Each structure stands twice: as C-alpha cells, then as structure tokens.
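Peer 1: The sequence and its predicted three-dimensional model are supplied below.
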Number of protein chains: 2
Amino acid sequence: MELPDRKMRILKAIVRNYLETGEPVGSRTISKLTDLKLSSATIRNEMADLEEMGLITQPHTSAGRIPTDAGYRLYVDDMLSSERKELQDERKQLLDMQDILLEKQGKLENLLQKVAKTLAASTNYASMISSPTTRSSKIKFIQLSQVDPNNVLAVIVIEGNLIRNKVIPVEEELSAENMLKLNMLLNTNLCGLAVEEITLGLIEGIKRNAGIHTAIINDVIDAAAEIVRSEEELKIYTSGANNIFKYPELADHQRASEIISDFEEKQALGSIVQETLASEGQNGIQVYIGEEMPVARMRDCSVVTATYELGEGMKGTIGIIGPKRMDYDKVVGVMQDIMGQLGDLYKPAGKADAGADPGLNADASSPGQPFTIPEIRIPQIKRIEIKEM
Amino acid sequence: MELPDRKMRILKAIVRNYLETGEPVGSRTISKLTDLKLSSATIRNEMADLEEMGLITQPHTSAGRIPTDAGYRLYVDDMLSSERKELQDERKQLLDMQDILLEKQGKLENLLQKVAKTLAASTNYASMISSPTTRSSKIKFIQLSQVDPNNVLAVIVIEGNLIRNKVIPVEEELSAENMLKLNMLLNTNLCGLAVEEITLGLIEGIKRNAGIHTAIINDVIDAAAEIVRSEEELKIYTSGANNIFKYPELADHQRASEIISDFEEKQALGSIVQETLASEGQNGIQVYIGEEMPVARMRDCSVVTATYELGEGMKGTIGIIGPKRMDYDKVVGVMQDIMGQLGDLYKPAGKADAGADPGLNADASSPGQPFTIPEIRIPQIKRIEIKEM
DNA sequence: GATTAGCACTCCATCAGTCCAAGTGCTAAC
DNA sequence: GTTAGCACTTGGACTGATGGAGTGCTAATC
C-alpha cells in the first residue's frame, strides 16, 4: 500500500506516540509533535482519512486514535526497509555479551538461556530462543559396544559433533568379531546420511549383509532414528515472561494467564519457531502483528522473530514477544545485534583465535565437548588383547 | 500449642470455610456451619479469644475473620497428624498416572514434566518437581577412546546407569596400548567411588602409575568431576504457574509478576528444594506457610513439598505452590499418592513384571536407556584386528 | 482547493454522596 | 455460660454531577 507522504508521516507520528504512551493519541498532540506545521483541524481531516483506510481506529467516539494491525504493519514494513541500510553501515553493538560468549565452560543450553535473559532484560519484553535445529543432521559415526551380556551401548555421533548414546537391550551376547562387523557395516552404510535418507530398502540391504543379528540392526536403526529425532526436538528457552505485566493491555488476568501458560508449555512458542523457520522474512527478521500471530491465544501480542545461524547450517530462532505497541525499532535493532553476535560465535575451527574461541559445548548431554572440533574420524581399532579382570 | 476442643473446632471451621470461599468468614456462618449448636454471639466471643491468641485476624473492623499464618499452621499440623493414619490404610489412588508411567519410550525428563503437569492439573495450583539428585552418584565405569588425533572421547557411566560423555582435546595421539592401560588404570582406581571421594592423593597416585600422559589424567578427572557435577545440577520442572491467576490474592500485578518470575528463573524454587531435602518433615511431607516460605518473594504463598524416591537413593522433591488458603487436605493427599506411585515405579530389575516395567530412560541425554538395567560390567576387549579403512 | 478557527457535541474518568449488607462489640437478660 | 438485641463500623455498589480531551462539521481565510 502506498501512502501519500504526509499521511505516512502522520501515521508514523501516531504509531510512535502510541508506542510510547499507550494512550490514544489526539489530533492536537500530533499537530504539536510533527514538524509539518499543521493545525489540529487539518490533522483531524487526515486522521479521518487514515481511519477510513483502516490504518487507525478510535476506541470510542471522543477518544484519540490508535493504530490498527494494518497500521502497525505499514509502520513496521516501512521501518524494516529503511532500518536495514542504517544498520548494515554501523553494525552497532547494543548488547555487551562478552561475558556470555567468552564463558568457556558453558554449555549451549546455558548460552541460550543467557541470551534469552539478555534479550528480555534489554528490551523489557518476553523473549524466547529455540535450540538450533540440526535438521540436516547426518550421522557421522556409530559405535556399538557390548556393555554387559544383555545390553549394547550405541554411541552415535551426528553432524555438529553431537554425541548421543543409548543402551539397547539384546537377547544374545554378540561376539567381539560380530560386533566389529556390525560396526563396520553400520558405519559404511549409514555414515553421511541424514535420518530421512535412511530408506527401508537400505535397511533391508544392511540386514541382508548382516546375516545374523537382523534384530539388532532394527534396534540400532530405531535407536539412531530416535536419537536424531530427539536431537531435532525443539527446545525452547524463555525469559522475562513476567515483563508482560508491564503492559496493562496484556496484564489482565485472562490474557496474562494465557500468555504465561503458553510460555510455560512452550508448545505454542514452538509453532512460532516453525513458522519463522519456514518462511524466512526479509533481512532475516519477521514481525507478526496481532492477528498475524501464529498462536491464536496471543492475538493481542506482536512477536518479532529472527533466525540465527550457528554455523554448519544449524539454525535457530530468537523471538521477542510483547504488546502490539512494542518498540519495534529498538527490538529489531537488538535482534540484529544478537543475530550478528551469535553468527560471529561460529568461526571455522582453524581460524578461531584462542582468545575468542567460545569453546561452547554442543549440548547439555555432552558437556565439555568443544563446539568446533573438526572432522571426526572413525577410530582405528588395533591389535589389542586383554585378560578378563 | 494446645487448644480447647471447642476453640479448635471453630478455628478449623473458619479455616475450612476461608479455604473454600476466600472471603472473611463471620460468626453467623460458623454458627450455622458447625454442629456445635452455638449462636453467633457465642462464636463471636470465641473468635475474639482466637484473635487474641493470634490465630485469626480481621482485615478491617467490620469484616469477618481470616486465619493468620499461625492459624494455618495449627490447622495443618493437626491435619497432618491425623491424615497420615487414614491414608496409610486406604492407600487410595487419586491420580491415574497409568499412561504416564507406562509410557515406555519416555525419558525421565518427560516423566517429570508430566508429573508436574498432572499435579498442577489435579490441584489447580502451581507445581514443581526437581530431578532426582544423585548425590551419592558413584562412578561405575569409564571408557576413553581416541576419536581423532586431537580428541579423546570419554564415556562415563555413573550409578543409576546414567551415561555421560565428553570430548577431551589432547595434544598427542595416544597409542591403543596406552589408551588401554589408561582405561584400566582409571577403572580400577575410580570405579565405585563418588566424586567427593576422589582425593588429590588418589589422583597423584594414578598419575604416578600412568607415568606418561599425566596431563590427560587431569583432564579425565576434571571431566568426570564436571560430568558428575552437571548431573547433580538441580533441574526443576514446573507446571501450572498460570493457576495463580485463579486466586485473587496472588493475582495482582506485583505478586503475580514476582511469582511468575520465580517460576521462570527456577532458582528460587531450587532453594525450596534444598530446604526440603535438608530437613525431612514428618511423614515425608512438609508445609511452609506464608512467612515460613524459604523464598522471600513468595511470602504470600504456601508450599507443600514432599520428597520422592526413585530407588538407589535418588531423591527428588515435588512441590505444590499456591495461596496460603490452599486446600491442604487435598494437596497432601495428592502428594502422598504421587510419592507412592513414583516410589512404586522403581522395582528391582529382577522382580519387575513385564507389564508394569516402566522402562524409563534415565535422562534426556541417554535416550532409550532402560532405567533399571542391572550391574554394568566392564566390557572385555578381545583380540581384534582391523585395517585402516 | 487546502487550511484553519471555532463551536457544539460525545464520551470517559473522577469524585463525592448515598445506601446497604455484613459483621462486630457490648450489654443485659436468660 | 449462653443468647438476644442493638448501636456502630466499614467496604462495596450505585448514582449523579463535573470537567477534560477529543471529535466532526461549518464557515472563514489563505
């Protein structure tokens, strides 16, 4: 929608003023606020037009105007297309995440939690961050080992160097030789494949080659699938849910309760993440306003989401959820900042200088595992002998 | 504090009525409610006494009475000492957790989350549950393996069959023989020990025996310590935080915001867990009322906590947080029920019948690992040879 | 034709005043 | 020791009046 310049400026002034005050804004206010020397009467005429166009509305007859969803949308779109250029030049660093990012011992889980906290604290809105999805997660390495007569321990390394293990109950103990064969078979057939790429045909093939122990093959593949699946399971960290109490329009019992509940369950937030990942907006940032919200119960909110990338195609989503009258400019700025800083976090292993190497751990479950170790080779087992102890 | 029977009955009636209605309760109401045929005037006299004793209070001059913290305390103590007997007889099963408990594929994380949800849903209060602490967690088995020239993968199994792994960067590649020695050395020296039992002297001894690679020993032990530490890290799952909106006395912005924040941060809840585990109350259940709350910001709430046991000394805490006027009877009942059901969950591996075997997984990070597999043996490595692939 | 001044009108928030129900404490009678 | 009765207090709900903020419309002005 194209709007004559003057109307646009008035709309912007209305939106901005409303964002600040949360009160309906009247013609006189705008008349004084803008630098286009116009009387309140003229503004009133323009406002009547804007209202007719569905961009602003009156809560009641003798009140000022507030933006409609469409009004916000226009404002945000305009901002996003101009903001981008500004920011790319300056690349201002709004948030000092030094402590967070340098914290060597931290796990990814902690990092995400802290980013969420930082986001919430610096914006005064509620924030969320999803764990990076490893949708393309390929199996790098599988190792089975007999842990006791009834159980086989499967260690599976998937791309991104995430390590998962699972104990598989078996009925018969495997000999070391068979175990070794099995390991080779699995590695040669499955390494480099994403779980989605493992077809039934492939499994059949492996089973044929395995000859014996077809049962265990099934189990292992099930395990692998389950492991990768659980890896893909979206984890969402939130912070500052209580910030919604700062905005009266969200703080009444009904709404607050619903939002808090959605934040606790996290399921609803998941759908926002999905939505964001599915449709990448311009310049990486997406804004859902009111009715556009993927989550029905949050129709009184807006959410600004962005996709961050942690290298190797591991993408996650950060989001700020607040009232429709949120400070979009600020939020978008903070978002871009965080995106940038998270992006910088991943540096190819070789280039990372010692000081800045985040030394992140890839996951809670594999603590201490460096985030950027290079290729993992299949370990070579050499001639080894040991007596029973 | 001993109270004449009639005063006690009146106090109980006041408390019970207030729990139900949330309104100050007047003398007439009590007169009609109790079966001790007394006029409202008499009740008024008794109430004046109770007020003098600090058990009830008036919000304002011409209002009914509400219980003070001390009044609740007396009520709860009385209930706890009588309730116990009742419940031990009947062992009624209030909650049907069949689906939850039988869900074979579930991880402990999911179980806990679901228990929290069940608790919240069935009580209409906010609930929390801490992951079981494995404070006595002993190392069962350590295995190092060279993953690539620069990294060694350490897999550590601790009691309760929790498996953890960590990649340790090393400067020099170890030979298979040395790796094997190291494995044996570590296992013989560390297995069966809790991390607290690993002394500096012990480490020195290991290092001496290791001869070479003293650096890696340090790393491995650090890793082990870190792994066990991260295992002990209290995880807390919550549910139903939004239930507080059902109780007007908690639902005003100030209070709600604080409580929600505490629920999101979970840190404050941690101190409740600590407090509970530290001082085990009578019959396993503890009630903190108002000012007794360990968390200052929740002084308007009460919390009922209980310690559950998941076998092998793994203890965790469940808690219900609600308004001071919570339905203590019901909550205590539900708590005991859950405690029982969680307790039943752990059955010695041999005795568990197939149908009821929960088949729980011990942790998110080791999905699919049966919860009750018996002793883990150190795997025997036999003569194996393999060419470089 | 666009802009502005002026005016009548609308609506909401606020405040004071009134009334009422619920509950109390006290006294006197049983 | 218990109860009936009464004067008193208090908060909540309702009412009506008032004023401020804002609008739409019209007529005058640039």
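Peer 2: Arrived safely, thanks for sending. None of these values were measured; they are calculated from a predicted model.

Peer 1: And what about whichever residue of chain A sits closest to DNA strand C, helix, strand or coil?
Peer 2: At 2.6 Å from DNA strand C, A:S62 is the closest residue in chain A, using Cβ to the nearest atom of the strand. Quick note: C-beta positions are derived from backbone N, CA and C, even for glycine. Counting by DSSP: H, G, I helix; E, B strand; the rest coil, the backbone at A:S62 sits in coil.

Peer 1: for A:L234, same thing?
Peer 2: A:L234 ends up coil, using three-state DSSP.

Peer 1: Give the phi and psi angles for it, as a check.
Peer 2: A:L234 adopts backbone torsions of phi -70, psi 120, taken as degrees, to the nearest 10.

Peer 1: now do A:F141
Peer 2: Here is the backbone geometry of A:F141 (degrees, to the nearest 10): phi -170, psi 140.

Peer 1: Burial check on it, number of neighbours?
Peer 2: A:F141: 23 surrounding residues under other Cβ atoms under 10 Å in any protein chain shown.

Peer 1: what is it paired to in the beta sheet?
Peer 2: On the basis of DSSP bridges, A:F141 is bridged to A:V157.

Peer 1: Please report the distance of it from B:L180.
Peer 2: As for A:F141, its distance to B:L180 is 20 Å (criterion: Cβ to Cβ, to the nearest Å).

Peer 1: next one: A:S145
Peer 2: 14 Å.

Peer 1: related to what we said a few turns ago, what residues are up against the residue of chain A closest to DNA strand C?
Peer 2: Contact partners of A:S62, counting by Cβ atoms under 8 Å, 6 or more residues apart in numbering or on different chains, are absent.

Peer 1: quick check: domain ranges of chain A?
Peer 2: Using automatic domain parsing, the domain parsing of chain A gives A:5-67, A:92-133+A:235-345, A:139-232.

Peer 1: Out of those, which is the most enclosed?
Peer 2: domain A:92-133+A:235-345 (a mean of 20; mean count of other Cβ atoms under 10 Å in any protein chain shown).

Peer 1: Distance from the helix or strand hosting A:V115 to the middle of the chain?
Peer 2: When secondary structure is defined by DSSP states H and E, A:V115 falls within helix A:108-123. Distance of helix A:108-123 from the chain centroid (Cα atoms, centre = their mean, to the nearest Å) equals 12 Å.

Peer 1: Tell me where chain A has strands.
Peer 2: Here chain A has its strands, by DSSP state E, at A:56-57, A:66-67, A:126-130, A:139-148, A:151-158, A:162-169, A:236-239, A:285-289, A:301-309, A:315-323.

Peer 1: Any idea how far apart the tips of stretch A:56-66 sit?
Peer 2: 5 Å (Cα to Cα, to the nearest Å).

Peer 1: Is it positioned near DNA strand D?
Peer 2: Yes: Stretch A:56-66 is in contact with DNA strand D by Cβ under 7 Å from any atom of the strand, via A:58, A:61-65.

Peer 1: send the alpha carbons of the helix holding A:V115 over as PDB?
Peer 2: Output of helix A:108-123 as PDB, limited to C-alpha atoms (Å, rounded to 0.1, in the frame of the first residue of the first chain):
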ATOM      1  CA  LEU A 108      24.900 -24.500  24.700                       C
ATOM      2  CA  GLU A 109      21.900 -24.800  26.900                       C
ATOM      3  CA  ASN A 110      23.300 -22.100  29.200                       C
ATOM      4  CA  LEU A 111      24.300 -19.900  26.400                       C
ATOM      5  CA  LEU A 112      20.800 -19.900  25.000                       C
ATOM      6  CA  GLN A 113      19.300 -19.300  28.400                       C
ATOM      7  CA  LYS A 114      21.500 -16.400  28.900                       C
ATOM      8  CA  VAL A 115      20.800 -14.900  25.500                       C
ATOM      9  CA  ALA A 116      17.100 -15.200  26.300                       C
ATOM     10  CA  LYS A 117      17.700 -13.400  29.600                       C
ATOM     11  CA  THR A 118      19.800 -10.700  27.900                       C
ATOM     12  CA  LEU A 119      17.100 -10.200  25.300                       C
ATOM     13  CA  ALA A 120      14.400  -9.900  27.900                       C
ATOM     14  CA  ALA A 121      16.300  -7.600  30.100                       C
ATOM     15  CA  SER A 122      17.400  -5.300  27.400                       C
ATOM     16  CA  THR A 123      14.000  -5.000  25.700                       C
END
